[in-house]
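In: Sequence and predicted structure are below.
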Amino acid sequence: MDSINYSICTNITINDGYCYDLPICGYCYDFNTTLELGKNYELYNMMVIRILLPVIGLFGLCGNGISAFIYSRKSMRSSMNIYLCALAISDTVIILTAFLLFLIENLRYKSQLLSEIFAILTPLTFPLGLTAQSSSVFLTVTSAIDCFMMIYSNPHCKRRFCTTSTAIKVNTDCQLSMVGMIFMSAMLYNSPHMFEINVVDCWNIEYAEKSIDVCPTDLRRNEPLTINFLELLFGYVNSYLIDLSNLIVVLNSSCNFLIYFAFGSRFRKTLKEYVVTIFCRQSTNKLISTYKTESRNEIL
C-alpha cells in the first residue's frame, strides 16, 4: 500500500487529519462534531453563553469593584470585611477568566483572531480561573471561621485571632503578593490543571492558513468514571448542563454585591456617603465653572 504524502493538502490527507505536515485545527476534539445537537442547542447556547453570561459578568465586575472599594475603606476596616474585600477581588478574577474560557471559546469558531487569542491565553487563564475559584472557597471558609470565633470564642481568643492585623496578613498574601497559605493551597490544589493543555501548530481549513489550537494532554484525557456514566445516562443533556454550569459560575461570583447591599447597613451607609460625595463634587465643579464663565463674560 502506498504511503500518504502529508506534505501536501488533498482530500485524502484532510480525511486523515493533516495538511502540509500539520494537523488540522480541531483534530484533537473531533472537529467539534461529536455531538450534533441541532438548532435548538445553538439557540440555547447563544442565549446562555453569548448574552446572559456577559451581561451578568459585567454587572458582577461593577459590583465586585464597588465591594472591594467599600470594604477597603478605613471606616469599614475589620477582620471580616478584609476577607470580603479579598473575596471580591478573587471573584473578579473568576469573571475575567470566565470571559476568556467560556465566551471567547464559544466565539472562536467565528474568527481566526479570536481562535488564536484563545489558544494563547488558555494555558494561563484555565489554571488561574480554577485557582481563583478555590481561593474564593477558602476565603469564604476563612471568613466563616472568623465570624464563628467572633461570636462564640472567649475574649482572649477574639483579641488574639479576630483583629485587623491578623486579617491584613492573610489579605495581603492573597491579594497583593499572591503568596501565603490561601493562595498556595489553591495553587497546589489546582496544579495538575497546568499540565492538562498544550498549544499546537495546526492548519486551519476554513481560512486556509497556519494557526494554533488548544489540545488536551494525556493527563486531561484520563477518563473520569462519573462523567462518563452521566454522558451515557443523559446523552445530549450533558451539553446543556455544561453551558448552564458555566453561567452559574459567573452568577455565583457576581451576586455578592446584592447580598452586601441588602443586608449590610454599614455597607449601604458607606456607599451612600461616597456616592453623595462624588455627585456633590461634580456639582460644585460645575457651579465653579459656570461662575467663572459668567464672570468672564461680564468683564468682556
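Out: Great, that's in hand.
In: was I right about S90 contacting S136?
Out: Yes - assessed by Cβ atoms under 8 Å, S90 is found in contact with S136 at 4.5 Å. C-betas here are computed from N, CA, C, even on glycine.
In: now could you export just the CA positions of stretch 198-206 as PDB?
Out: Output in PDB follows, covering the C-alpha atoms of stretch 198-206 (Å, rounded to 0.1, in the frame of the first residue of the first chain):
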ATOM      1  CA  ASN A 198      -1.000  22.000  25.100                       C
ATOM      2  CA  VAL A 199      -0.800  24.700  22.400                       C
ATOM      3  CA  VAL A 200      -0.100  23.100  19.000                       C
ATOM      4  CA  ASP A 201       0.500  24.400  15.500                       C
ATOM      5  CA  CYS A 202      -2.200  23.400  13.100                       C
ATOM      6  CA  TRP A 203      -3.700  24.100   9.600                       C
ATOM      7  CA  ASN A 204      -7.000  26.000   9.500                       C
ATOM      8  CA  ILE A 205      -9.000  24.600   6.700                       C
ATOM      9  CA  GLU A 206     -11.700  27.300   6.800                       C
END
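In: so how far is that stretch off the chain centroid?
Out: Here stretch 198-206 is found 25 Å from its chain centre; the criterion is Cα atoms, centre = their mean, to the nearest Å.
In: host element of I56?
Out: helix 53-71 (DSSP states H and E).
In: which helices and strands does that helix pack with?
Out: Here helix 53-71 touches helix 79-98, helix 237-254, helix 256-263, helix 265-299, going by 3 or more Cβ pairs under 8 Å, 6 or more residues apart in numbering; DSSP states H and E.
In: Go through these and name the closest to N190.
Out: helix 79-98 (12.0 Å; Cβ to Cβ).
In: Toward the C-terminus from the closest one, list the very next helix or strand.
Out: helix 104-107.
In: Which parts of that next one count as buried, going by neighbours?
Out: Of the residues in helix 104-107, 104-106 count as buried by neighbour count, 16 or more other Cβ atoms under 10 Å.
In: Just the closest of those residues to Y44, please.
Out: Closest to Y44, out of all of these and judged by Cβ to Cβ, is N106, at 11.9 Å.
In: measure the closest one to T217 for me?
Out: Here the criterion is Cβ to Cβ, to the nearest Å. By it, N106 lies 23 Å from T217.
In: Identify the residues contacting G63.
Out: 254-258 (Cβ atoms under 8 Å, 6 or more residues apart in numbering).
In: How is this structure partitioned into domains?
Out: Domain segmentation of the chain under automatic domain parsing yields 36-197+213-263, 269-300.
In: And stretch 108-115, what's buried?
Out: 108, 114-115.
In: Which strand residues bridge P216?
Out: Beta-bridge partners recorded for P216 (DSSP bridges): I197.
In: Centre of the chain to the host helix or strand of S185, how far?
Out: Taking DSSP H and E as the criterion, S185 maps to helix 181-190. Computed by Cα atoms, centre = their mean, the chain-centroid distance of helix 181-190 equals 17 Å.
In: F195: what's its closest spatial neighbour, skipping adjacent residues?
Out: Distance criterion Cβ to Cβ, 6 or more residues apart in numbering; nearest residue to F195, sequence neighbours excluded, is L219 at 5.4 Å.
In: Tell me the secondary structure at that neighbour.
Out: Assigned state for L219: coil (three-state reduction, DSSP: H, G, I helix; E, B strand; the rest coil).
In: Give me the neighbour count for it.
Out: 12 (other Cβ atoms under 10 Å).
In: which intervals of the protein have sub-threshold pLDDT?
Out: Within the chain, the stretches with pLDDT under 70 are 1-7, 29-38, 153-154, 156-180, 221-238, 282-300.
In: again, only this time at 50
Out: Regions of the chain meeting the criterion pLDDT under 50 cover residues 1-2, 33-35, 171-179, 225, 236, 291.
In: Looks like M187 contacts L128 (just checking).
Out: No - M187 is not in contact with L128 according to Cβ under 8 Å; the separation is 9.7 Å.
In: Between these two, which has more neighbouring residues?
Out: L128 (21 against 18).
In: Whichever strand or helix holds that one - contacts with which helices or strands?
Out: Counting by DSSP H and E, the element that carries L128 is helix 112-152. Applying 3+ Cβ pairs under 8 Å, 6+ apart, we find helix 112-152 packed against helix 79-98, helix 104-107, helix 155-161, helix 164-175, helix 181-190, strand 197-204, strand 209-216.
In: Between those, which one is closest to L124.
Out: L124 lies closest to helix 79-98 among the helices and strands packed on helix 112-152, at 8.9 Å (Cβ to Cβ).
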